[in-house]
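In: Dropping the sequence and predicted coords here.
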Amino acid sequence: MNIKLLLTIAKSLLLARWRQTLVAAIGVTFSITMFITLLSFMSGLNDLLDGLILNRTAHIKLFNEIKATKDQPIDLSDKFKSSYHFIHSIKPSNARQEIYNNGAILKALHSDKRVKGIAPKIIAQVFYNVGAIDITGVINGIDVEAENKLFFFNDYVTAGNYIDLLNVPNSIILGKGAAEKMLANIGDVIQITTPKGDRIQLKVVGFFQSGLVELDKVQSYCSLATTQKLLGKSSNYITDIQIKLNDMTTAPVLAKEYANTFGIDAEDIQTANSQFETGSSIRTLISYAVGITLLIVAGFGIYNILNMMIYEKMDSIAILKATGFSGKDVNTIFVVIALSIGFFGGLVGLLFGFGLSSVIDQIPFNTASLPTIKTYPINYNPKFYTIGITFSLITTYFAGLFPARKASKIDPVVIIRGK
Amino acid sequence: MSPIVLQAKGINKSFHDPITIQILKDINFTVNKGEFVSVIGKSGCGKSTLLYILSTMDTDFEGELLIDGESTRNKKEGQLALVRNEKIGFVFQFHYLLNEFSVLRNVMLPGLKLGKYSEEEVEHRAMQKLKILGIENEAHKMANQLSGGQKQRVAIARALINDPLIIMGDEPTGNLDKKNGKIVFDIFQELAQEFKQTLLIVTHDNEFANSTDRIIEMEDGRIVKL
């Protein structure tokens, strides 16, 4: 009853000064709108930039690094057990990039619950023959379907159909840059030289554009079988296993585990791409800082307006107190006024913020390096909306608290006798 | 002998700014139920100060104040607010209505705050009080649309809404012309006689005071005549 009464009084005071109320609410609305838009846009950009690398990077990559073995023959000798060994000019011997026993490893990974998917891969160094000139290149032999499922391969194939890699024998999808250098069109046949010196002809079925120009000048894609054939290897030859996990954050731990279990090198995404994490977290920090500053400024607006309202309503406050409303009641009334400005202003702000980000989402944004992006990226994460409304309530609460305390301390005798 | 509604025991009050001046000196008196008491005295004799102490709004004094037999000494601000709400009706020189509300709502507010009756009942009671004061037709107007005399009557209705033990008035006719002053006075008289309402009115209008049951006369912070 009491609370309901205080609410109706707060409402009447608010509506009696609806212009001021509106101005205060617009302040909150504006800041929430900007907060939502800024964060959605910023975070959309972050996701885009991260996705550029992270989407196409395996969470864990299993491979054989070419390096000298850690265990040298002298270590096995009992005679020199307690000595320190100086060995010079160690060279890796018998280096094979192939992953041994990969059938068993793939099987073990398939049955691992933490793994979302795996895509085996062969990396082959080749030369693209352009007339008399050889250009260095890399052919990625991929499991076309798995690659598409896990790494959105199709998104980056700008011309041609990715599945033709499987359907057309001896086919290749060329990097856009490489294709331009070779003046190759879809349907053309290009010639490459393998590291062993064999010349092989491949049919171009598509172009690939990753967004990283340097990469596109070098990289091309073939199916696993085609790559095995051009390297002259058997059908169980693979050099990399790319793993996507259900939870990316467990990658460093799992990478160690796999390295031990399979006796193989494993690299996790956090180690390989640590700079992206840093970049996006700093961008996020900046957008939050700007957004919260906007809200605090709106809070000062509310503080001013409530202060003014209290001076205007001095008489009313005095009489409320004289007729039996306690300081706490008066305090509640003004806090309710502030909170309702914050709540309704914030709510409208959320709507406007959503609207504005939708508008930005429609603005064309074409760049050669980002083939899949047609408009500005926006992240409609409900988290921003929750944070927005929470902060608008918190700032308006504090903006209202101090004027409300002042109002609750008004001595009715001073006001009433002052007349 | 009717029960004692209000009792002042040795009340002293001083202002300390800029120099200490004693405003009230050893005030002792009682008000019985159903009495119509007026307090008179020259300007500055401390009668209004006394009234604000008696109304519990001013707590900065020495001595003891008993309302309905209970001391106000050790009560907190919230408890005193409750005492004012339930037991004291106040009529000021200026009406102090809330312009944001209708007349009816203004009268209802202290009743709703008390929460003893449901909203419908409080509304019904408010209408009754307005009827007693002859302004029931103005009930749904906004407070600022009324004339001065009407506003003061609304203020009296507001003071009556919780059936208080005592109504206190600080020059309730001071701001009104003779005709409206007369109306307000008649209302007080009617309340005292018909409804046995206890009234304590501060005034400097001797004519007003002479028609009350009892006059307390003050001079220089002392009661000179009970």
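Out: Arrived safely.
In: Now do the same contact list for B:M142.
Out: B:N99, B:F101, B:S102, B:V103 (C-beta atoms under 8 Å, 6 or more residues apart in numbering or on different chains). Quick note: C-beta positions are derived from backbone N, CA and C, even for glycine.
In: The first one: what secondary structure?
Out: When you say that, I think you mean B:N99. At B:N99, secondary structure determined by DSSP: H, G, I helix; E, B strand; the rest coil is coil.
In: Tell me how far it lies from A:R417.
Out: Shown here: B:N99 relative to A:R417, a distance of 21 Å by C-beta to C-beta, to the nearest Å.
In: Quick check on those two: which one has the bigger neighbour count.
Out: The neighbour comparison of B:N99 against A:R417 (other C-beta atoms under 10 Å in any protein chain shown) goes to A:R417, with 18 against 14.
In: Pretty sure that one sits in a helix.
Out: Yes: using three-state DSSP, the assignment for A:R417 is a helix.
In: and the gap between it and chain B?
Out: Separation of A:R417 from chain B (C-beta to the nearest C-beta, to the nearest Å) stands at 7 Å.
In: where does the chain dip in pLDDT?
Out: As the question left the chain open, I've gone with chain A. A:1, A:94-95, A:276, A:368-372, A:418-419 (pLDDT under 70).
In: other chain: chain B
Out: Low-confidence segments of chain B (pLDDT under 70): B:1.
In: near chain A, which residues of it?
Out: Counting by C-beta under 8 Å from any C-beta of the partner chain, the residues of chain B close to chain A are B:48, B:52, B:55, B:57-58, B:77-78, B:81-82, B:84-86, B:90, B:92-94, B:96-101, B:109-110, B:112-115, B:158, B:162, B:170.
In: so residue 24 is in which element?
Out: With no chain named, the answer covers chain A. According to DSSP states H and E, A:A24 maps onto helix A:18-54.
In: wrong one, I was asking about chain B
Out: Using DSSP H and E, B:L24 falls in strand B:21-32.
In: Likewise for B:R105?
Out: Assigned by DSSP H and E, B:R105 falls in helix B:103-114.
In: May I have that helix as CSV, with CA atoms only?
Out: Extracted in CSV, the C-alpha atoms of helix B:103-114 (Å, rounded to 0.1, in the frame of the first residue of the first chain):
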residue,chain,number,x,y,z
VAL,B,103,-8.6,18.3,-4.3
LEU,B,104,-9.8,14.8,-3.4
ARG,B,105,-6.4,13.3,-3.8
ASN,B,106,-4.9,16.0,-1.6
VAL,B,107,-7.3,15.1,1.1
MET,B,108,-6.7,11.4,0.7
LEU,B,109,-2.9,11.4,0.8
PRO,B,110,-2.4,11.3,4.6
GLY,B,111,-5.2,8.7,4.8
LEU,B,112,-3.5,6.5,2.1
LYS,B,113,-0.2,7.0,3.9
LEU,B,114,-1.8,5.7,7.2
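In: And the next helix-or-strand element following it, how far out from the chain middle?
Out: Scanning forward in sequence from helix B:103-114 by DSSP H and E, the next helix or strand is helix B:119-132. Its chain's C-alpha centre and that of helix B:119-132 lie 20 Å apart, by C-alpha atoms, centre = their mean, to the nearest Å.
In: who touches helix B:119-132?
Out: Outside helix B:119-132, the residues touching it (C-beta under 8 Å, 6+ apart) are B:103-104, B:107-108, B:111-112, B:117, B:136, B:138-139, B:154, B:157, B:160-161, B:187, B:190.
In: now do stretch A:157-169
Out: Residues external to stretch A:157-169 that are found in contact with it (C-beta under 8 Å, 6+ apart): A:142, A:144-145, A:148, A:153-154, A:171-173, A:176, A:186, A:203-209, A:221-223, A:226, A:371.
In: Quick check, A:Y258 in contact with A:H59.
Out: No: A:Y258 is not in contact with A:H59 according to C-beta atoms under 8 Å; the separation is 11.0 Å.
In: shared neighbours of those two, which are they?
Out: Common neighbours of A:Y258 and A:H59, counting by C-beta under 8 Å, 6+ apart, are A:I243.
In: who's more crowded, the two?
Out: Using other C-beta under 10 Å as the criterion, A:Y258 and A:H59 rank with A:H59 on top: 27 against 23.
In: what are the phi and psi values for that one?
Out: phi -70, psi -40 (degrees, to the nearest 10).
In: picking up where we left off before, from the contacts of stretch A:157-169, which would you call buried?
Out: For those, a burial check counting by 16 or more other C-beta atoms under 10 Å in any protein chain shown picks out A:142, A:144, A:148, A:153, A:171-173, A:176, A:186, A:204-209, A:221-223, A:226, A:371.
In: Residue 87: neighbouring residues, count only.
Out: Since no chain was named, I'll use chain A. Applying other C-beta under 10 Å, we find 10 residues neighbouring A:I87.
In: actually it's chain B I care about, not the one you picked
Out: 19.
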